[in-house]
Structures are given as C-alpha cells and as structure tokens.
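J.: Structure for the following, please:
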Amino acid sequence: QVQLVESGGGLVQAGDSLRLSCAASGRTFSNYVMGWFRQAPGKERDFVAVINLSASRTYYADSVKGRFTISRDNAKNTAYLQMNSLKPEDTAVYYCAAGGWGMHVDSYNYWGQGTQVTVSS
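T.: Alright, predicted model coming up:
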C-alpha cells in the first residue's frame, strides 16, 4: 500500500502560481511512476502530468504544457506540481497518483484524496 496526501491547493487569481505537493508513505516511493490528474465539477478525471521513477522523463497534457512542471524528490518521498500562469479553466480538484507510466486513470493503483484549486478571473 502507498498512502498519498496532497497539499498546496487554494484560491488564486488568474496569472498567479501555486505549487502542489504529494507526500507518500508506505511502500518505496521511488518504485512508482507519479502522476497528477484533475477533476472539475461534472467532468471526468483528466490527466495533467506524469514523471518516471528517476525524474528523467516527464509528459504533460497539451492544456498545461509550458505552464506546469512536475517533479519529484525521492529522498523526501514527495512529488510536486508547479503551476504557473494559472487560468480559470484550471479550476478543479487535483489528485496525485502512484502506479505505472500512463496518461489514463487505469495506469495508477494509488490515489490521494485531492486538493482544491480555484482560479478566479
């Protein structure tokens, strides 16, 4: 089992930045690909970003490419999502997930409880 806890969400204005953190406990963090997803009210959970075990490879959804950066610190068992130039359409609950490489929810075995990000215009 891997337990994931997100933090860092909040209410910001368009153009602001936020950094989300995902603290992991349980099994070895460095054995898992880490992903970030988001879910807006009434919509499906969408892929945002993924990072491989060694942080040598990342991939982003087109909607966040160039604005968001995923990273991880295996010594601290923590993954991050730096979000810059936020837009109102980025408003959602953000989830981190641990599992294998992929852009679909089915690629991940473990999920956090989510953190709310609200971007006002």
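J.: residues contacting S7?
T.: Applying CB atoms under 8 Å, 6 or more residues apart in numbering to S7 gives the contacts 20-21, 23, 115. In short, each C-beta sits where N, CA and C put it, glycine included.
J.: Okay, and which of these map to strands?
T.: Among those, the members falling in strands (DSSP state E) are 20-21, 23, 115.
J.: From the residues you listed, pick the one nearest E44.
T.: T115 (18.2 Å; CB to CB).
J.: Verify the stated contact: that closest one with G8.
T.: Yes - in this structure, T115 is within contact of G8 by CB atoms under 8 Å, at 6.3 Å.
J.: Could you tell me which residues touch both of the two?
T.: With CB under 8 Å, 6+ apart, T115 and G8 have common neighbours L20.
J.: which of those two has more neighbours?
T.: Shown here are T115 and G8; by other CB atoms under 10 Å, T115 has more neighbours (22 against 16).
J.: What's the separation between the more buried one and S56?
T.: 26 Å (CB to CB, to the nearest Å).
J.: who's in contact with stretch 36-45?
T.: 20, 22, 46-50, 70, 79, 81, 90-97, 105, 114, 117.
J.: Now, of those residues, which are buried?
T.: 20, 22, 47-50, 70, 79, 81, 90-97, 105, 114, 117 (16 or more other CB atoms under 10 Å).
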